[in-house]
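# build the 3D model from these lines:
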Amino acid sequence: MRALKTLRDVSVAACLAMGLLLMAGGAVVWPVMFTADAAVPRVTLNSPKSPSDNTTPSFTGTASNTTPVTVQVYAGTAAKGRVVSTATATGTGAAWVSGETSPALSSGQYTAVATQANSHARDPAGESEPVTFTITAPPVVTPTAVPPPAPPLASFKWFPPVPQTGEPVSLVSISTDATSPITGIAWALTSNGPFQSGGPLLSTSFSSPGGHVVRLLVTNASGLSSDATETINVVSPTAALMQPFPVVRIAGTETGSGVKLKLLTVQQIPAGAKITVKCEGRSCPIKAARRVAVSSKRGVAAVEFRVFERSLRFGVTLEVLVSKPGEIGKYTRFAIRRGKLPERVDTCLDLAGANPIVCPLSAA
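Coordinates of the predicted model:
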């Protein structure tokens, strides 16, 4: 509009001058000089990503002139007040891309306007519509803490789990370390004695029964170590099962009042074993009978208890005990019941030769 107005003003002045010359009857042509304003640059500004944690955003847009483009950033939702940051771009007469905003922005809302200077310094610059965007706080990156080196985990087992005195015992390290190899192993067979270097397997034995403290110390390649302490329960040697293990034979037939016993013998007896038969009930011929197994050239003969080979009434119980000092013996119980078959129980006899016990080994 300013350029059109200037042209109009100049044209009017020129026409007046020419009229005056014509009115004067002269034939002189008077030259007229004038200058028109350049067009105002057309500038657009694209909205940057919002919200964004980029504190130094760049901008894009278009501009019709080739002069530099300046993006001015204001704090708040309006393009007013103090410019808090700027970015610049090279004018191309078309699309442009600015560099990063400087200085960096903090969290908050901002409004940006892009401007481009006119080709003539005295003429108006082009200006874009304002765009508002939001800057959020950048994520706080917490460096991952590096855990300090950890010591190994000391642990061990032993076999057999309940050793006897004098029996070989294997101590086996099952220690672990997730980050470093285990380079040192040491054992101590007392609660306060020194550690002795060794390997993951140590064979030893204990001369006395009771709880024995064993300690293990392991060290890894980083020089870190840990120890483990366990108490091993050691027992006295278990008494041996009598060999050969006796066989008690009982045979008979049922009667209306009980059974008629035809056979009661103990065979496969070690020499020196004591055999005791106890009888409880109204028809018992005697309360107890005892024999000792004697060895001969033919070996140890079976021992027969003929005194009990007779009719026995309901309610009678026979107990056969075969014992020998220091050995686990044989126990058999034979009970005659009314209206039922006789009940027979075979198990082992304790070292004292008095009470039945669970057999430590399978025996007939």
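
# show the residue spans covered by the strands in the stretch 101-250 of the chain.
108-116, 126-127, 131-135, 156-159, 169-173, 182-188, 196-197, 201-204, 210-220, 225-234, 240-241, 247-254 (DSSP state E, counting those that start in this stretch).

# paired strands for the second one, with orientation please.
Each strand that pairs with strand 126-127, with its direction, by DSSP bridges: strand 108-116 (antiparallel).

# next: the longest one.
Strands adjacent to strand 210-220 in the sheet, as given by DSSP bridges, are strand 182-188 (antiparallel), strand 225-234 (antiparallel).

# and the contacts of stretch 286-293?
Here stretch 286-293 makes contact (Cβ atoms under 8 Å, 6 or more residues apart in numbering) with 269-280, 300, 303, 305, 307-308. C-beta here means a position set from N, CA and C on the backbone, and glycine is covered the same way.

# that older thread, rank the strands of the stretch 101-250 of the chain by mean pLDDT and give me the bottom one.
When the strands of the stretch 101-250 of the chain are compared by mean pLDDT, strand 240-241 comes last with a mean of 86.

# quick one on the thing from earlier: deepest of the strands of the stretch 101-250 of the chain, which one?
Counting by mean count of other Cβ atoms under 10 Å, strand 108-116 has the highest mean neighbour count of the strands of the stretch 101-250 of the chain, with a mean of 21.

# what's the angle from that strand to strand 131-135?
140 degrees (axes from the mean of the first three to the mean of the last three Cα atoms, to 10 degrees).

# could you pull out the helices for the stretch 1-150 of the chain?
2-23 (DSSP state H, counting those that start in this stretch).

# got any ranges where it has weak pLDDT?
For the stretch 1-150 of the chain, the stretches flagged by pLDDT under 70 are 1-38.

# circling back to that earlier point, out of the strands of the stretch 101-250 of the chain, which comes closest to residue 352?
strand 240-241 (15.5 Å; Cβ to Cβ).

# strands paired with the closest one, and their directions?
Applying DSSP bridges, one finds strand 240-241 paired with strand 327-335 (parallel).

# run through who's touching the strand it pairs with.
So strand 327-335 is contacted by 239-243, 245-246, 248, 250, 266, 270, 273, 316-323, 342-351, 353, 356-357, 359-360, 363 (Cβ under 8 Å, 6+ apart).

# report the angle between that strand and strand 247-254.
Using the same axes, to 10 degrees: strand 327-335 against strand 247-254 is 0 degrees.

# pull the distance from strand 327-335 to the chain's centre.
In this view, strand 327-335 has its centroid 54 Å away from the chain centroid, taken as Cα atoms, centre = their mean, to the nearest Å.

# beyond it, next helix or strand please.
Sequence-wise, the next helix or strand downstream of strand 327-335 (DSSP states H and E) is strand 343-349.

# which of the residues in stretch 281-290 are classified as buried?
284, 289 (16 or more other Cβ atoms under 10 Å).

# can you give me the end-to-end span of that stretch?
18 Å (Cα to Cα, to the nearest Å).

# same deal with stretch 270-277?
Its first and final residues considered, stretch 270-277 spans 17 Å by Cα to Cα.

# got it, and stretch 303-311?
20 Å.

# contact partners of that stretch?
Applying Cβ under 8 Å, 6+ apart, the set of residues contacting stretch 303-311 from outside is 255, 257-267, 269, 275, 277, 279, 283, 285-286, 289, 291, 293, 318.

# just the buried residues out of those residues, in PyMOL syntax.
Selection of buried members from the contacts of stretch 303-311 for PyMOL, criterion 16+ other Cβ under 10 Å:
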select buried, resi 258+259+261+264+265+266+269+275+277+279+289+291+293+318
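
# so which of the contacts of stretch 303-311 belong to strands?
258-267, 275, 277, 279, 289, 291, 318 (DSSP state E).

# before we move on, the earlier item: out of the strands of the stretch 101-250 of the chain, nearest to residue 42?
Using Cβ to Cβ, the strands of the stretch 101-250 of the chain put strand 126-127 closest to residue 42, at 5.9 Å.

# circling back to that earlier point, a markdown table for the strands paired with strand 210-220, including distance to residue 132?
Output for those, formatted as a markdown table (distance: least, Cβ to Cβ, whole Å):
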| stretch | distance to residue 132 |
| --- | --- |
| strand 182-188 | 64 |
| strand 225-234 | 62 |
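
# now the most centrally placed residue in the chain: how far from residue 337?
Geometric centre of the chain, nearest residue: residue 178, 12.3 Å, by Cα atoms, centre = their mean. Distance, residue 178 to residue 337, using Cβ to Cβ, to the nearest Å: 66 Å.

# and for residue 72?
Distance, residue 72 to residue 337, by Cβ to Cβ: 114 Å.

# more neighbours: which of those two?
Counted by other Cβ atoms under 10 Å, residue 72 and residue 337 do not tie: residue 72 has more neighbours, with 17 against 14.
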